[in-house]
Each structure stands twice: as C-alpha cells, then as structure tokens.
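1. need a structure here:
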Amino acid sequence: MKRRFKQIFYGLFYFAIVALIGWWAYSAWVVPEPTCADGVQNQGEQGIDCGGPCTPCDVARLQDVRPVRGPYAFQLVDGPVVPLLVQLSNPNQSHDALVSYRFTVSNGASPEFALGTTRLAAGERRYLYDQVLAPGREITNATFELTDVSWEPARTEVRPNIFADDITVSADSERVRVSGTLVNESVLESSRVGVVAVFFDEFGYEVFATRTTVTDIAGFEERAFEIIVPAEPLTGFADLDATEISLDVQ
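-> Residues are numbered from 1 along each chain as shown. A predicted model of the protein is given here:
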C-alpha cells in the first residue's frame with residue numbers, strides 16, 4: 001500500500017514539474033506579450049487598447065484627419081513656383097489636430113517636396129496651400145501625405161474668431177483681383193492669418209489657388225486684404241463668381 005502511495009505521490013510530483021515547465025515554455029514562446037494593439041483589455045488599460053500605458057482613450061477614439069479634395073498642383077503658366085492645394089478635414093469636435101505633411105511633385109525626373117505643419121481646429125475643414133519651385137518641365141504627378149498627427153483638447157476659448165467679409169473679385173485683361181475684409185469678432189489677437197483664394201471652373205473643380213498672409217490682427221480689428229494674380233492662368237478656365245476664401249488662423 002505504501003509503495004502504491006509513493007508511486008502516486010511521485011507521479012503527481014513529476015507531473016506537476018513537467019506541467020510547470022510546459023506552462024513556462026508556453027508562456028515564454030507561444031503566448032504573445034500584451035500590446036496596445038492586441039484587441040484585449042490588459043496591462044492596466046482603461047479600455048480595449050487604450051488608457052494606462054497606451055494612448056488615452058479619448059484620443060484613441062478620435063477619427064482621422066483626412067484629405068477630402070485634392071491634392072492639386074497648378075502648372076498653368078511659366079513662373080518660379082507651382083502652387084499646391086489640398087482640402088483637409090478634422091471631423092472631431094473635441095480636439096484640435098497638429099498636422100505635419102508632405103507634398104511630393106514629380107516631373108519624370110527628381111521629385112520636389114513641400115514640407116510643413118498646420119493646426120486644424122476641432123471640426124474644421126479648410127484648404128491647405130503650399131508651393132514648390134517650378135520643376136522646369138511638365139508635372140506628371142502630385143501626392144500628399146500626413147507624416148504625423150498629434151492631438152490637443154480643443155482651444156475654442158483662446159482662438160480668435162476671424163472671418164472674411166465683403167469679398168469682391170474683379171478682372172481685366174492682365175490680372176484678377178480678390179479683395180475683402182478680415183473681421184476679428186473676438187478680443188484675442190491673431191499673429192498670422194493665411195488667406196487662400198481658390199478658383200473653380202464652371203463644374204466646381206479647383207483650377208488655381210494663391211495665398212497672402214496678414215499679420216498681427218488685434219482684437220475686434222477689421223483689416224482689408226487684397227490678392228492679385230495674373231489673368232492668364234484663369235482666363236477661359238475659372239468661374240470668378242465661384243471663388244472661395246479659406247482662412248488659416250493662428
């Protein structure tokens with residue numbers, strides 16, 4: 001009886017050792033380490049793959065900033081630069097997006113790049129303008145990518161409320177003039193406002209864009225602006241009555 005008991009005892013003992021070794025090997029080589037993308041709420045996360053050591057849950061649930069129109073590269077006349085345009089949207093109402101971007105313009109030889117950063121306010125949708133040096137030959141392709149996006153809680157209470165008013169567009173045989181007034185309805189000063197004029201054809205497609213910058217707009221100030229472009233890239237292409245003004249308020 002004692003012999004039988006010892007056999008059972010040692011059998012269970014060795015089985016436990018083998019089981020522990022097997023569990024250790026399974027845990028070490030088979031079970032993956034917890035990550036912030038494993039679809040499981042673990043490692044102190046407050047939600048599935050968010051909170052704790054991962055991205056905060058309110059940020060993880062945000063929708064992506066995305067291009068909604070474009071990109072466009074306007075090479076309509078000879079000149080030192082090529083205007084670039086894309087329309088971006090931040091669909092989130094709770095966070096501003098701090099965006100780094102890159103335009104790439106190809107001409108069959110070496111590409112040209114335009115790199116930059118911008119802030120999209122919560123819920124904002126607007127045109128982003130940049131430019132590259134004219135490549136000296138016809139552009140074959142233009143692409144746009146967001147190289148980095150970070151988030152900050154919306155700062156509507158510290159952002160100047162500026163809009164464009166009294167927009168007029170006139171043209172003669174040599175140039176097109178876009179003028180208007182920037183109206184700051186808040187007490188807050190704006191260090192810089194990028195004013196982008198976007199021209200469309202009769203079908204609603206973007207055919208050209210240009211930009212001017214207005215600096216140091218005081219609280220409750222109204223400031224006139226004017227944008228002048230040669231008539232040649234627009235003649236026969238643009239419906240001037242459809243011209244839009246897009247503002248980048250900083």
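2. can you mark which positions in the helix or strand hosting Leu98 are buried?
-> Taking DSSP states H and E as the criterion, Leu98 maps to strand 95-106. Buried positions in strand 95-106, judged by neighbour count with 16 or more other Cβ atoms under 10 Å: 95-97, 99, 101, 103-105. C-beta coordinates here come from the backbone N, C-alpha and C atoms, glycine included.
3. now the protein, which segments are flagged as low pLDDT?
-> With pLDDT under 70 as the threshold, the chain has low-confidence stretches at 1-16, 22-31, 76-78, 135-136, 156.
4. what are the buried residues along whatever helix or strand comes next after the strand holding Leu98?
-> Tracing the chain C-terminally past strand 95-106 and defining elements by DSSP H and E, one meets strand 112-120 next. Of the residues in strand 112-120, those scored as buried under the neighbour-count criterion (16+ other Cβ under 10 Å) are 112, 114, 118-120.
5. ok, the residues you listed vs Val249, which is closest?
-> Val249 has its nearest neighbour among the buried residues of strand 112-120 in Arg119, at 9.1 Å by Cβ to Cβ.
6. which residues does the spatially closest residue to Ala164 that is not a sequence neighbour contact?
-> Sequence neighbours aside, Ile245 is the residue nearest to Ala164 in space, at 4.5 Å (criterion: Cβ to Cβ, 6 or more residues apart in numbering). Ile245 sits next to 164, 167, 178, 180, 195-198 when contact means Cβ atoms under 8 Å, 6 or more residues apart in numbering.
7. quick one: the strands in the chain?
-> For the chain, the strands defined by DSSP state E occupy 66-73, 81-89, 95-106, 112-120, 125-133, 141-153, 162-171, 175-184, 190-200, 206-217, 222-230, 244-249.
8. can you lay out those strands as JSON lines showing distance to Cys57?
-> Output for the strands of the chain, formatted as JSON lines (distance: least, Cβ to Cβ, whole Å):
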{"stretch": "strand 66-73", "distance to Cys57": "21"}
{"stretch": "strand 81-89", "distance to Cys57": "23"}
{"stretch": "strand 95-106", "distance to Cys57": "13"}
{"stretch": "strand 112-120", "distance to Cys57": "21"}
{"stretch": "strand 125-133", "distance to Cys57": "25"}
{"stretch": "strand 141-153", "distance to Cys57": "12"}
{"stretch": "strand 162-171", "distance to Cys57": "33"}
{"stretch": "strand 175-184", "distance to Cys57": "36"}
{"stretch": "strand 190-200", "distance to Cys57": "33"}
{"stretch": "strand 206-217", "distance to Cys57": "37"}
{"stretch": "strand 222-230", "distance to Cys57": "42"}
{"stretch": "strand 244-249", "distance to Cys57": "30"}
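9. to Gly39, which of the ones you listed lies closest?
-> Ranking these by distance to Gly39, with Cβ to Cβ as the measure, places strand 141-153 first at 22.3 Å.
10. in the closest one, which residues are buried?
-> If you call a residue buried by 16+ other Cβ under 10 Å, then strand 141-153 has these buried ones: 142, 144, 151.
11. stretch 181-194 now?
-> Going by neighbour count (16+ other Cβ under 10 Å), the buried part of stretch 181-194 is 182-184, 188, 190, 193-194.
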